[in-house]
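In: kindly return the folded structure for what I paste below:
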Amino acid sequence: MPHDVSLIATIAFGFGIAMVLGLLASKLHMPPLVGYLVAGIVVGPNSPGFVADVGLAGQLAEIGVMLLMFGVGLHFSLKDLMAVRRIALPGALVQIAVATALGMGVSWFWDWGLGGSLVFGLCLSVASTVVLLRALEAKNLLKSVNGQIAVGWLVVEDLVMVMVLVLLPAVAEVLAPPTPGAAHAISASDIWTTVGITLAKVTAFIVLMLVVGRRVLPRLLWWVSRTGSRELFTLSVVAVAVGVAFFAGTLFDVSFALGAFFAGMMMRESEFSHRAADESLPLRDAFAVLFFVSVGMLFDPAVVIEQPFRLLAVVAIILVGKTVAAVALVLLFRYPFNTALTVGASLAQIGEFSFILAGMGVALNMMPPEGQSLVLAGALISIALNASLFAAVDPIRRWLLARSEFARRLELRDDPLSELPMTTDPRLLTKQVVLVGYGRVGRRIARSLSDNHIPYVVAEQNREIVDALRKKGVPAVSGDAQTPEVLIQAHVTRAAMLVIAIPDVVNVRQMVDIARQLNPEIQVVLRTHNDEEAELLQKETQGTVFLGEHELARGMTDHVLHQLLHGRARGHGPKTGL
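Out: So this is what the prediction gives:
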């Protein structure tokens, strides 16, 4: 051909082989991610046949990193993290420390030096967000208490790794092995100066994003949405993700990953954040595939043959060391045995952050290329086995419960906030309102119920909120109200009304179905955001539906008080609080 087509060839072969091997991995009940990594090995320089352009693949991988981190930021919810912070924050930090120490311990015997050992240990300490979310979704555990703890734990790990990526270049000169002909040793003051300058730049970028980006980016989405152009909306989302990442790296020396992460976080403030996530998802997925393919291209299969015992040590740390540490930590926080096993299985793998960190460690001359190959091999094996490990959770649990009195005692322990205290006044648990959700709308309804001396029980997933309510003497239970156990604990069987103050169409229907099975006469009041959802909920639940944003809380509150205080017949049809 008369022009260079290496970019087209790299993308064509990368996508094509990734599709075939991803489909094969899926048929073998493994995550498609395994197939993408193997596709990179196939088109990489260490395998015969077609060899993709490693330089171009690396740049495409950078875009993949930006979009991956943008997606993480777009879905990052401080509220979800705060709901499980008491276990997720200390648990993740301690587990990172344990896994890093294990990785440093084995690599220290391989004479990799302090820097290489530290990077290698950190690579083995963080699990894959993609693998975890897909595993939880496959088991229908994403909305469960166990799933929330695992996701919150991983969010903390991701935040720690973001900071590691930011600080690593600043300390690379100190931790990297000495090179021949080095002019002079770096003093302690030089180290602190470098770290201080880096932290100052990062702080300046974060402040700029929180002050300016938080206002400008959501407004930009609103302006673009008014054009009615779908492609322009998608283009603006991608332009913001890549543009902010590039701007952060060029002006503030901040990693592309951190810049894209904060772009996603600021976009989340927009009312169009869900649309931004949905419409950018195909492009994010496509570049994520190229990222994993490019990572696979860096893998040298010879390490499996030449270093089998080192690889075995890596896999043992990931599958055994991390799992045992996570299970022990969850049990120390007095959660049940089932929760401990689920969280342990969730974290028994490594993924995208490990790849990014390993690549940076090699680029900064801190870790030998052999370490990157070991990390990639460990990731391939752990990801491939993770689905089997998840499937083994229940059989292992049953086996231990049948043979161990200690395991049975651990299983009986439950979250104390998932049950109402025995001291709750029985008069508050008859003809009461079961209020699901204690956000802006739920708080206003609860305040009006209290003012009118109407008993109510709050069902809320945020354990911190439940704990605070109980200290005020308000009956409240922690958990997902789409499960029968939570509604039973809220005594829905004797309730007069179920008020669902969260706008979740799918889960709301399940809550109403369970509540009606337990109490066929219960009245139902719901909220939603648009006419289409209101019609659907009205038809399927036969409840009173309120929609709108500005006066939604007042409209729902007035209706609840009117029904309970005056005994009027239930209203029909969607209502508006506008």
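In: all the strands of this structure, residue numbers only.
Out: Applying DSSP state E to the chain gives strands spanning 433-436, 456-460, 476-478, 497-500, 523-528, 544-547, 575-576.
In: mean pLDDT lowest where, among these?
Out: When the strands of the chain are ranked by mean pLDDT, strand 575-576 comes last with a mean of 38.
In: before we move on, the earlier item: could I get the strands of the chain as CSV with mean neighbour count and distance to residue 43?
Out: Any C-beta I mention is one placed from the backbone N, CA and C, and that applies to glycine too. Formatted as CSV, the strands of the chain follow (neighbours: other Cβ atoms under 10 Å; distance: least, Cβ to Cβ, whole Å):
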stretch, mean neighbour count, distance to residue 43
strand 433-436, 27, 51
strand 456-460, 25, 50
strand 476-478, 26, 49
strand 497-500, 27, 51
strand 523-528, 25, 48
strand 544-547, 25, 51
strand 575-576, 18, 57
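In: can you list these in TSV and add distance to residue 511?
Out: Formatted as TSV, the strands of the chain follow (distance: least, Cβ to Cβ, whole Å):
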stretch	distance to residue 511
strand 433-436	7
strand 456-460	9
strand 476-478	14
strand 497-500	6
strand 523-528	9
strand 544-547	14
strand 575-576	19
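In: of all the ones you listed, which one comes closest to residue 259?
Out: Among those, the nearest to residue 259 by Cβ to Cβ is strand 456-460 (34.5 Å).
In: what does that closest one rub up against?
Out: 420, 428-429, 432-438, 442, 446, 449-450, 465-466, 469, 474-479, 481, 486-487, 489-491, 495 (Cβ atoms under 8 Å, 6 or more residues apart in numbering).
In: filter those residues to the buried ones?
Out: Buried by 16 or more other Cβ atoms under 10 Å: 420, 428-429, 432-438, 442, 446, 449, 465-466, 469, 474-479, 481, 486-487, 489-491, 495, out of the contacts of strand 456-460.
In: which ones among the residues you listed are found in helices?
Out: The members of the buried ones among the contacts of strand 456-460 that map onto helices under DSSP state H are 442, 446, 449, 465, 466, 469, 486, 487, 489.
In: ok, the residues you listed vs residue 116, which is closest?
Out: For those, the nearest to residue 116 is residue 465 (44.7 Å; Cβ to Cβ).
In: tell me where the longest helix sits in this protein.
Out: helix 145-175.
In: elements contacting it?
Out: Helix 145-175 sits against helix 78-83, helix 85-108, helix 113-123, helix 129-138, helix 188-208, helix 256-267, helix 337-346, helix 352-363, with contacts defined as 3 or more Cβ pairs under 8 Å, 6 or more residues apart in numbering; DSSP states H and E.
In: right, so of these, which gets closest to residue 299?
Out: Taking these one by one with Cβ to Cβ, helix 352-363 is closest: 10.0 Å.
In: quick check: mean pLDDT of the closest one?
Out: Rounded mean pLDDT across helix 352-363 is 84.
In: please save the CA atoms from it in PDB.
Out: Extracted in PDB, the C-alpha atoms of helix 352-363 (Å, rounded to 0.1, in the frame of the first residue of the first chain):
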ATOM      1  CA  GLU A 352      -5.600  -3.200  35.600                       C
ATOM      2  CA  PHE A 353      -3.900  -1.200  38.300                       C
ATOM      3  CA  SER A 354      -1.300  -3.900  38.700                       C
ATOM      4  CA  PHE A 355      -0.600  -3.700  34.900                       C
ATOM      5  CA  ILE A 356      -0.300   0.100  35.000                       C
ATOM      6  CA  LEU A 357       1.900   0.100  38.100                       C
ATOM      7  CA  ALA A 358       4.200  -2.700  36.700                       C
ATOM      8  CA  GLY A 359       4.600  -0.800  33.500                       C
ATOM      9  CA  MET A 360       5.500   2.400  35.400                       C
ATOM     10  CA  GLY A 361       7.900   0.400  37.600                       C
ATOM     11  CA  VAL A 362       9.800  -0.900  34.600                       C
ATOM     12  CA  ALA A 363       9.800   2.500  32.800                       C
END
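In: and residue 34, what does it touch?
Out: Per Cβ under 8 Å, 6+ apart, neighbours of residue 34: 25, 380, 383, 384.
In: export those residues as JSON lines, with columns for distance to residue 374.
Out: Shown next, in JSON lines, are the contacts of residue 34 (distance: Cβ to Cβ, whole Å):
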{"residue": "25", "distance to residue 374": "21"}
{"residue": "380", "distance to residue 374": "11"}
{"residue": "383", "distance to residue 374": "15"}
{"residue": "384", "distance to residue 374": "16"}
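In: out of these, list just those in helices.
Out: If you go by DSSP H, these have 25, 380, 383, 384 in helices.
In: now neighbour count too, for those residues, in JSON lines please.
Out: Below are the ones in helices among the contacts of residue 34 laid out as JSON lines (neighbours: other Cβ atoms under 10 Å):
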{"residue": "25", "neighbour count": "21"}
{"residue": "380", "neighbour count": "22"}
{"residue": "383", "neighbour count": "25"}
{"residue": "384", "neighbour count": "19"}
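In: pull the most distant pair out of the residues you listed.
Out: 25 and 380 (10.5 Å).
In: where do the contact lists of those two overlap?
Out: 34, 38.
In: wait, which of the strands of the chain is closest to residue 301?
Out: Nearest to residue 301, of the strands of the chain and by Cβ to Cβ, is strand 476-478 at 48.4 Å.
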